[in-house]
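S.K.: here is a sequence with its predicted model. Questions after.
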Amino acid sequence: MIDALATDPAREDMLILVDGLDRQTGTANKVEAHTDGLLHRAFSVALVREGDAGPELLLSCRAHGKYHSGGLWANSCCSHPRAGEATVEAAYRRVREELGCEATDLRELCSFAYRAEFDNGLAEHEFDHVLVGGCRGELAPDPLEVCDVRWVGVDELAAELAAEPKSFCAWAPMVLSIVLQALR
């Protein structure tokens, strides 16, 4: 919903516009980037822990009031570095802000570009850096960002992605497939 974007506290954040090789071409605020579908730098964090049956990933469900994809599951944390901010440093910041815990040992697995258009006229056109790491501290999600969280094992997640892809936001199947491949 565009009204939600208009009231998003980060709406004036200056995002990094990039070309297809992730070279900075300029900046735009969050509203412009998503209403005009401008290619911008983003990151998707997957927090992982060792569970009883092997690795588990933390999934987050986007708050229902988000400007798009509310109520859909995603990887642990997704966001954008601000102009002048390094991608990994932005990821540490946003995990703390969105989930209340501390990310540890973040490392980049890969990056890819995608475009997703939404019924409300907004678009995500992102050069997305996929980061994986650990989690320290108790989860205390910001309810304006996240309405639910859960740890899920790799086999269960793979099955869920195949059986219920529409319960995930547009980028999550790509991101989570990359992470699952790295963990296997």
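M.R.: Perfect, thanks for sending it.
S.K.: in the chain, what residue sits furthest out from the centroid?
M.R.: Distance from the C-alpha centroid of the chain, by CA atoms, centre = their mean, peaks at residue 52 (26.0 Å).
S.K.: local confidence estimate at that one?
M.R.: As predicted, residue 52 sits at a pLDDT of 91.
S.K.: equivalent analysis for residue 68, please.
M.R.: Residue 68 is given a pLDDT of 89.
S.K.: next: residue 89.
M.R.: Predicted confidence (pLDDT) for residue 89: 97.
S.K.: ok so it is a helix residue?
M.R.: Yes - counting by DSSP: H, G, I helix; E, B strand; the rest coil, residue 89 is part of a helix.
S.K.: buried residues in the longest strand seen in the chain?
M.R.: Counting by DSSP state E, the longest strand found in the chain is strand 102-117. Using 16 or more other CB atoms under 10 Å as the test for burial, strand 102-117 gives 103, 106, 109, 111. Bear in mind the C-beta positions are built from the backbone N, C-alpha and C, glycine included.
S.K.: ok, those vs residue 150, which is closest?
M.R.: Comparing these against residue 150 with CB to CB places residue 103 closest, at 17.5 Å.
S.K.: with adjacent residues omitted, what lies nearest to the closest one?
M.R.: residue 95 (4.1 Å; CB to CB, 6 or more residues apart in numbering).
S.K.: give me the helices and strands touching the strand or helix carrying the one you found, please.
M.R.: Secondary structure from DSSP states H and E places residue 95 in helix 87-99. Counting contacts by 3 or more CB pairs under 8 Å, 6 or more residues apart in numbering; DSSP states H and E, helix 87-99 packs against strand 40-51, strand 54-62, strand 77-79, strand 102-117, strand 123-136, strand 146-153.
S.K.: let's see 7 Å
M.R.: Under the contact criterion of 3 or more CB pairs under 7 Å, 6 or more residues apart in numbering; DSSP states H and E, helix 87-99 touches strand 40-51, strand 77-79, strand 102-117, strand 123-136.
S.K.: identify the residues contacting the third one?
M.R.: For strand 102-117, contacts defined as CB atoms under 7 Å, 6 or more residues apart in numbering pick out 20, 22, 37, 39, 45, 47, 88, 91-92, 95-96, 123-137, 170-171, 174, 178-179, 182.
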